[in-house]
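S.K.: sequence and predicted model, in that order:
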Amino acid sequence: MTLSNLNRRHALSLMGGTAAAGLTGLPALAQAEDWAALGADVKAEFKWAWDHYVARAWGKDEINPVSGTSQSFFIDGHDLGLSLVEALDTLWIMELDEEFQAGVDWVKARLDFDIDGFAQVFETNIRLVGGLLSAHLASGDPVLLEKAKDVADRLMKAFDASPHGLPYRYVNLKTGAVRDPMTNLAEIGTYATEFGLLGRLTGEPKYYAAAKRAMKHALDMRSDKGLMAANIHAETGQFTSRNASIDVYADSFYEYLWDSWEMFGDADMKRWAEECTGAMIAHQGRRYEGRLWFPMVDYETAEVTGTSQTVLGGYLAGLLGQVGRKAEGDDFLASYTDMQARYTIIPESIEVTTGTARGKRTGLRPEFADACLNLWLGDRDERYRALTAVHYRAMKETSKAAYGYTSLADITTRPMTQGDNCPGYWWSEQMKYYFLMFAEPKRVDLGKLVLSTEANVLRGFVR
């Protein structure tokens, strides 16, 4: 039996015949798993990929693992060590201390944000501010905190330029000029955890205040059904679409409501998280062929406006578990488990009415593993680990290239056709999710763990 067929049979046995039964019953495969050995395998694969990054793309934003070349992510021709920064706390958790220190040394000597070019505010925050803060928490090195504050201060210009405190999408890191006011919930509402932690570490509350103000502006415009449109204008402060979305344009906004409650005890954020997820369940949830999905709907009428769901939406299964809606979280996870069983790799976009792939490419996406981790942390049920093991082994089977792990150009071919890029989040997200679940590393207190949307550890390190 091939690994693909084994993965399919394993996933189907975990999923069961109905959504309700989809995550009940633990198969013998899960019971027999040597989790410590699997954790060691994750570490070995990460170290192997890291060695190739060091040899072929050191200090570059992203490595292209098929060709062994590299590419910029934020500003063409101005690499900011994206993959390096994203990898730091993962290296530390895995006790790859020499590699971690080499990365820290590069950041201290080479990372400079005084660049006359436009960077995406959202991406710069979750990847670089978050990555630097988590590396600072791991190492205690004050220079990393100084670097995080430097780039956050540059991003704050995008908030200050808006009459409503809604950050523009792009800011010039050197001049503070802004552009692209047509934005969305994710890009105006994914700052509270990083900015809040930065404020706590520096004693400056302005960062969290700016992040919360932007979120509150959108939340105050919820419809009678408790939904928000996904697109918004930084200058007018008004929604520019009618589509309520749980994934594209919106996903991390909702994550940061609950994360801010866990990180800072902000009761407003807890209430908003519970209200928003409740509205999603009541007005967006739909069943197609027995599976629960959350397609886009009109934020005022709740009429379905689009029947696609992206792989990004998988995070919601874990968030539902966190806010106390575990039954619905399990139900939604079963929909993605079905896609994993059917395609081996979950499609980037899914036609929910038929449960089929809407496209062929995918980008080493971590959201399924993210959801499994959050659900597992809630009750330590081995079924979530078993599903994540299927996810990990499918990645190894399909996405390992000559110089690392790569995105896929076509998941429908056999073997699957590889692309040629390792996204920066691979170093921070799924490999960390796998390792946390399988190895239960000693440098993290899982009971106190809070991860950013980019899986940067913002609380829970044991030093």
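M.R.: Done, it's in.

S.K.: give me the contacts around stretch 136-143.
M.R.: Residues from elsewhere that reach stretch 136-143, judged by Cβ atoms under 8 Å, 6 or more residues apart in numbering: 88-89, 92-93, 100, 104, 107-108, 135, 144-145, 148, 201, 443, 457-458, 461, 463. Backbone N, C-alpha and C define where each C-beta goes, glycine included.

S.K.: try stretch 316-330
M.R.: Counting by Cβ under 8 Å, 6+ apart, 22-23, 246-247, 251, 254-255, 258, 273-274, 277-278, 280-281, 285, 292, 294, 332-333, 336, 370-375, 378 sit against stretch 316-330.

S.K.: in strands only, show me those residues.
M.R.: residue 292 (DSSP state E).

S.K.: are any of the contacts of stretch 316-330 buried, and which?
M.R.: 22-23, 246-247, 251, 254-255, 258, 273-274, 277, 280-281, 285, 292, 294, 332-333, 336, 370-375 (16 or more other Cβ atoms under 10 Å).

S.K.: show me where the stretch 151-300 of the chain has its strands.
M.R.: 170-172, 178-179, 182-184, 231-233, 243-244, 286-288, 291-293, 296-298 (DSSP state E, counting those that start in this stretch).

S.K.: now do the same end-to-end measure for stretch 31-40.
M.R.: This stretch, stretch 31-40, spans 18 Å end to end (Cα to Cα, to the nearest Å).

S.K.: which of the residues in it are buried?
M.R.: Per 16+ other Cβ under 10 Å, stretch 31-40 contains these buried residues: 35, 38, 39.

S.K.: tell me the most buried of the strands of the stretch 151-300 of the chain?
M.R.: strand 243-244 (a mean of 26; mean count of other Cβ atoms under 10 Å).

S.K.: pLDDT at residue 21, what is it?
M.R.: What the model reports as pLDDT for residue 21 is 38.

S.K.: before we move on, the earlier item: turn the strands of the stretch 151-300 of the chain into CSV, columns for distance to residue 382 and mean pLDDT.
M.R.: Formatted as CSV, the strands of the stretch 151-300 of the chain follow (distance: least, Cβ to Cβ, whole Å; pLDDT from 0 to 100):
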stretch, distance to residue 382, mean pLDDT
strand 170-172, 45, 98
strand 178-179, 49, 98
strand 182-184, 37, 99
strand 231-233, 41, 98
strand 243-244, 35, 98
strand 286-288, 28, 98
strand 291-293, 23, 98
strand 296-298, 34, 98
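
S.K.: okay if I get the ones you listed as JSON lines plus distance to residue 160?
M.R.: As requested, the strands of the stretch 151-300 of the chain are arranged in JSON lines below (distance: least, Cβ to Cβ, whole Å):
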{"stretch": "strand 170-172", "distance to residue 160": "10"}
{"stretch": "strand 178-179", "distance to residue 160": "9"}
{"stretch": "strand 182-184", "distance to residue 160": "15"}
{"stretch": "strand 231-233", "distance to residue 160": "17"}
{"stretch": "strand 243-244", "distance to residue 160": "29"}
{"stretch": "strand 286-288", "distance to residue 160": "41"}
{"stretch": "strand 291-293", "distance to residue 160": "39"}
{"stretch": "strand 296-298", "distance to residue 160": "32"}
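
S.K.: of all the ones you listed, which lies closest to residue 439?
M.R.: Residue 439 lies closest to strand 291-293 among the strands of the stretch 151-300 of the chain, at 31.4 Å (Cβ to Cβ).

S.K.: packing partners of that closest one?
M.R.: strand 286-288, helix 326-343 (3 or more Cβ pairs under 8 Å, 6 or more residues apart in numbering; DSSP states H and E).

S.K.: how far does stretch 436-444 stretch from one end to the other?
M.R.: End-to-end for stretch 436-444, by Cα to Cα: 8 Å.

S.K.: whoops, I mixed them up, stretch 341-357
M.R.: 13 Å.

S.K.: list the buried residues in it.
M.R.: Neighbour-count burial for stretch 341-357, counted by 16+ other Cβ under 10 Å, picks out 341-352, 355, 357.

S.K.: now the two most distant members of those residues.
M.R.: Across the buried residues of stretch 341-357, no pair lies farther apart than 344 and 352, at 19.4 Å, counting by Cβ to Cβ.

S.K.: can you name the next helix or strand after the longest helix anywhere in the chain?
M.R.: Assignment by DSSP state H gives helix 35-57 as the longest helix of the chain. Next along the chain after helix 35-57, taking DSSP states H and E as the criterion, comes strand 62-64.

S.K.: who does the following helix or strand past that next one touch, helix- and strand-wise?
M.R.: Sequence-wise, the next helix or strand downstream of strand 62-64 (DSSP H and E) is strand 69-71. Judged by 3+ Cβ pairs under 8 Å, 6+ apart, the packing partners of strand 69-71 are helix 35-57, strand 62-64.

S.K.: any idea of the mean pLDDT for stretch 251-268?
M.R.: Mean pLDDT, stretch 251-268: 98.

S.K.: going forward, count from 7.
M.R.: Okay, residue one is now 7; in that scheme the one you just asked about reads as stretch 257-274.

S.K.: buried sites along it?
M.R.: Those would be 257-270, 272, for stretch 257-274 by 16+ other Cβ under 10 Å.

S.K.: could you list the low-pLDDT ranges of the chain?
M.R.: The chain contains residues with pLDDT under 70 at 7-36.

S.K.: quick one, what contacts residue 127?
M.R.: 161, 164, 173, 174, 175, 176, 177, 193.

S.K.: can you do 6 Å?
M.R.: 161, 164, 173, 177 (Cβ atoms under 6 Å, 6 or more residues apart in numbering).

S.K.: next one: it from residue 191, what distance?
M.R.: Computed as Cβ to Cβ, to the nearest Å, the residue 127 to residue 191 distance reads 14 Å.

S.K.: and what of residue 286?
M.R.: Going from residue 286 to residue 191 by Cβ to Cβ gives 13 Å.

S.K.: try residue 129
M.R.: Taking Cβ to Cβ, one finds residue 129 at 15 Å from residue 191.

S.K.: and for residue 78?
M.R.: 27 Å.

S.K.: next one: residue 214
M.R.: 18 Å.

S.K.: please pick the buried ones from the contacts of stretch 142-149.
M.R.: Neighbour counting over the contacts of stretch 142-149 (16+ other Cβ under 10 Å) leaves 94-95, 98-99, 106, 110, 113, 141, 150-151, 154, 207, 463-464, 467 as the buried ones.

S.K.: residue 213 and residue 201 touch, don't they?
M.R.: Yes. Using Cβ atoms under 6 Å, residue 213 is in contact with residue 201, at 3.6 Å.

S.K.: tell me which of the helices and strands packed on strand 297-299 lies nearest to residue 397.
M.R.: When the helices and strands packed on strand 297-299 are compared by Cβ to Cβ, helix 332-349 sits nearest residue 397, at 6.7 Å.
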